[in-house]
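1. can you look at this prediction? I've put the sequence above it.
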There are 2 protein chains.
Amino acid sequence: MTIIITAFESSPDKGQGLARDVRVRWALEEVGQPYDVRLVSFKAMKEPAHLALNPFGQIPTYEEGNLALFESGAIVLHIAERYAGLLPSDAAARARAIAWMFASVGTVEPPILERQVAKLLEGDRSWTSQRLSLIDERIRTRLGELSTRLGDADWLDGAFSAGDLMMVHVLLRLRPSGILEEYSSLSAYVARAEARPPYQRAFAAQLAVFNSTSKD
Amino acid sequence: MTIIITAFESSPDKGQGLARDVRVRWALEEVGQPYDVRLVSFKAMKEPAHLALNPFGQIPTYEEGNLALFESGAIVLHIAERYAGLLPSDAAARARAIAWMFASVGTVEPPILERQVAKLLEGDRSWTSQRLSLIDERIRTRLGELSTRLGDADWLDGAFSAGDLMMVHVLLRLRPSGILEEYSSLSAYVARAEARPPYQRAFAAQLAVFNSTSKD
């Protein structure tokens, strides 16, 4: 059965690869599964056909036969459970990798999202420059904790896993801020992940969409 | 093997049950597993012994023999995978229940967290009252979408699952704001979950901690 995912028709980050479809593309590349992409406009994302796939009108979604899923973390976990390569076989190590998946979206991403919301939705407000420094301190708290745990290891818990995949993509969203570069071990961690051929293929695939649609 | 979880020694919400240990207590009650609780002070949460369990210095954590986990979503998923009662046996329905778990912490909780952060960490700032109305609109967008998807069903996707458990507890965090009550179907959804005896036992257990420590 063909796997079909959705992605932005028009890349808000101009092909930097920060949208969440990259997590799913990357996971599929890691496990060697081909997929098709259906591009969705901002308008179509809030219409009934897409809301049936994702009640919150977001991308990515995942369709495979009768199965329809939403939420990048859930989709990556589904792929990791179905195909080898993204979760350890030892039960305890597998549970810990899933803990890192939840930590990426539940603990590390919220202040990063708050930064994006401040710039995108409150960029014209008088308070935003002052607030950004408060938010950046909250982000630094999380990055400091993450950096301490990572230490000088290559990955968060043994071999590269779906937990690293999710965490790295959450951290990538910080790149435009320059904050990530304050943490050399985390920068190196992200660079190590970006050097993986599956990541490079995923990145190139999303960039190709931007390049083809931006010429119109 | 005894299951040991951690919870706040001193309840920040005065026993309202809004801390994330309630999710884990509730899951364990749903599957009928006993557990012990180790209470942790705010100071001890940031010390090495606790950071070894949770690198971000948060509660809850979960220990069972050699397995140590953190992140409420990951712990609830581990419990749901290990014991019957919180995930459907059909593979597609199981994947969809997990999607709701990720949606609860990744999509619905962020604006709710942003509201708590605004009140707790920026409560004395000049901009906070104006910002709260912006945040509340973002929360209403999510609640509207969730309410539309729920429709007149009892639970998000068939029988009660770990997805409902996580979503209901995220929504409960809104109760002090009064916003939840604007959505009658979501209020009824939360009330239906609160009426479950396992939830009531979990709530009573966290309240007992508050009552015993608040007398000191």
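-> That came through fine.

2. which residue ranges make up the domains of chain A?
-> A:3-85+A:198-214, A:91-196 (automatic domain parsing).

3. of those, which is nearest B:Pro110?
-> Of all the domains of chain A, domain A:91-196 sits nearest to B:Pro110, with 5.3 Å by C-beta to C-beta. Any C-beta I mention is one placed from the backbone N, CA and C, and that applies to glycine too.

4. pLDDT on the closest one, on average?
-> For domain A:91-196, mean pLDDT rounds to 96.

5. ramachandran coordinates for A:Thr6?
-> With angles defined as degrees, to the nearest 10, A:Thr6 sits at phi -110, psi 150.

6. Provide a list of residues in contact with it.
-> A:21, A:37-40, A:50, A:53, A:59-61 (C-beta atoms under 8 Å, 6 or more residues apart in numbering or on different chains).

7. circling back to that earlier point, which among the domains of chain A is found nearest to B:Ser187?
-> Closest among the domains of chain A, using C-beta to C-beta: domain A:3-85+A:198-214, at 18.2 Å.

8. grab the longest helix from chain A for me.
-> helix A:128-150 (DSSP state H).

9. between the helix or strand that it is followed by and helix A:128-150, how many degrees?
-> Sequence-wise, the next helix or strand downstream of helix A:128-150 (DSSP states H and E) is helix A:162-172. On the basis of axes from the mean of the first three to the mean of the last three C-alpha atoms, to 10 degrees, helix A:162-172 is oriented at 150 degrees to helix A:128-150.

10. give me the buried positions along helix A:162-172.
-> A:162-172 (16 or more other C-beta atoms under 10 Å in any protein chain shown).

11. what packs against the helix or strand containing A:Ile75?
-> Here A:Ile75, judged by DSSP H and E, is contained in helix A:72-82. Judged by 3 or more C-beta pairs under 8 Å, 6 or more residues apart in numbering or on different chains; DSSP states H and E, the packing partners of helix A:72-82 are helix A:21-31, strand A:61-64, helix A:91-103, helix A:162-172, helix B:91-103.

12. what are the contacting residues of it?
-> Under C-beta under 8 Å, 6+ apart, the answer for helix A:72-82 is A:5, A:20-21, A:23-24, A:27-28, A:31, A:33, A:60-62, A:69, A:86-87, A:98, A:101-102, A:104-105, A:161-162, A:165-166, B:95, B:98-99, B:101-103, B:106.

13. hmm, back to that, export the helices and strands packed on helix A:72-82 as a markdown table, with columns for distance to B:Ser184.
-> What follows is the helices and strands packed on helix A:72-82, written out as a markdown table (distance: least, C-beta to C-beta, whole Å):
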| stretch | distance to B:Ser184 |
| --- | --- |
| helix A:21-31 | 35 |
| strand A:61-64 | 29 |
| helix A:91-103 | 31 |
| helix A:162-172 | 35 |
| helix B:91-103 | 21 |
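
14. out of those, which is closest to B:Gln16?
-> helix B:91-103 (22.5 Å).

15. got the angle for the following helix or strand past that closest one vs helix B:91-103?
-> Proceeding N to C from helix B:91-103, the next assigned helix or strand is helix B:109-121, under DSSP H and E. Per the same axes, to 10 degrees, the angle that helix B:109-121 makes with helix B:91-103 is 20 degrees.

16. ok, and does helix B:109-121 reach over to chain A?
-> Yes - with C-beta under 8 Å from any C-beta of the partner chain as the measure, helix B:109-121 is seen reaching chain A through B:109-110, B:113-114, B:117, B:121.

17. in that helix, which residues are buried?
-> Applying 16+ other C-beta under 10 Å to helix B:109-121 flags B:109-118 as buried.

18. what's that helix packed up against?
-> By 3+ C-beta pairs under 8 Å, 6+ apart, helix B:109-121 packs against helix A:109-121, helix A:128-150, helix B:128-150.

19. repeat that for 10 Å
-> helix A:109-121, helix A:128-150, helix B:128-150, helix B:162-172 (3 or more C-beta pairs under 10 Å, 6 or more residues apart in numbering or on different chains; DSSP states H and E).
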